[in-house]
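Q: build me a model from this:
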Amino acid sequence: MVSNLSGSIVDASCAGWSQRRRVPYRAIPGSRLWAFTENCIAARFEYEWQDAVGQWWSSHGNENWKFDEHGCMAKRFASNNDQGFLMKPI
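A: Got it, this is the predicted structure:
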């Protein structure tokens, strides 16, 4: 169950982030759900994305989310690291 839940959380997070930013975005398989309770989630994320000027970034870090009684995110604590890189044509 945890792996299915983990995949669902990562998929939902990626889809929402990409739609809000309207930029190319790719989750990396290193994303993991660490722990959860009835209203909190702790997870590690790894992803790559492209900013508005075309620079590609690799981001990774830890996030903690707390949800209210309606299921909406009430608090988010994140420690993320970003590193730029060049995409070379194949």
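
Q: and Q50, its phi and psi?
A: The phi and psi values for Q50, taken as degrees, to the nearest 10, are phi -120, psi 130.

Q: how far away is the residue nearest to it when sequence neighbours are not counted from Q55?
A: Leaving aside its chain neighbours, Q50 sits nearest to P24 (4.4 Å; criterion: C-beta to C-beta, 6 or more residues apart in numbering). To be clear about C-beta, it is placed using only N, CA and C from the backbone, and glycine gets the same treatment. Applying C-beta to C-beta, to the nearest Å, the value for P24 to Q55 is 11 Å.

Q: over to Y25?
A: Distance of Y25 to Q55, given as C-beta to C-beta: 13 Å.

Q: of these two, who's got more company?
A: For Y25 versus Q55, neighbours defined as other C-beta atoms under 10 Å are more numerous around Y25 (17 against 12).

Q: correct me if wrong: that one contacts Y47.
A: Yes - if you go by C-beta atoms under 8 Å, Y25 and Y47 touch, sitting 6.4 Å apart.

Q: show me the shaky parts of this protein.
A: Low-confidence segments of the chain, defined by pLDDT under 70, span residues 1-23, 88-90.

Q: can you pull out the strands in it?
A: For the chain, the strands defined by DSSP state E occupy 25-27, 32-36, 40-50, 56-67, 73-85.

Q: so what strands line up beside the last one?
A: Strand pairing for strand 73-85, using DSSP bridges, gives strand 56-67 (antiparallel).

Q: quick check: buried residues in the partner strand?
A: H60, E63, W65 (16 or more other C-beta atoms under 10 Å).

Q: which one of the residues you listed is nearest to G84?
A: Nearest to G84, judged by C-beta to C-beta, of the buried residues of strand 56-67 is H60 at 13.4 Å.
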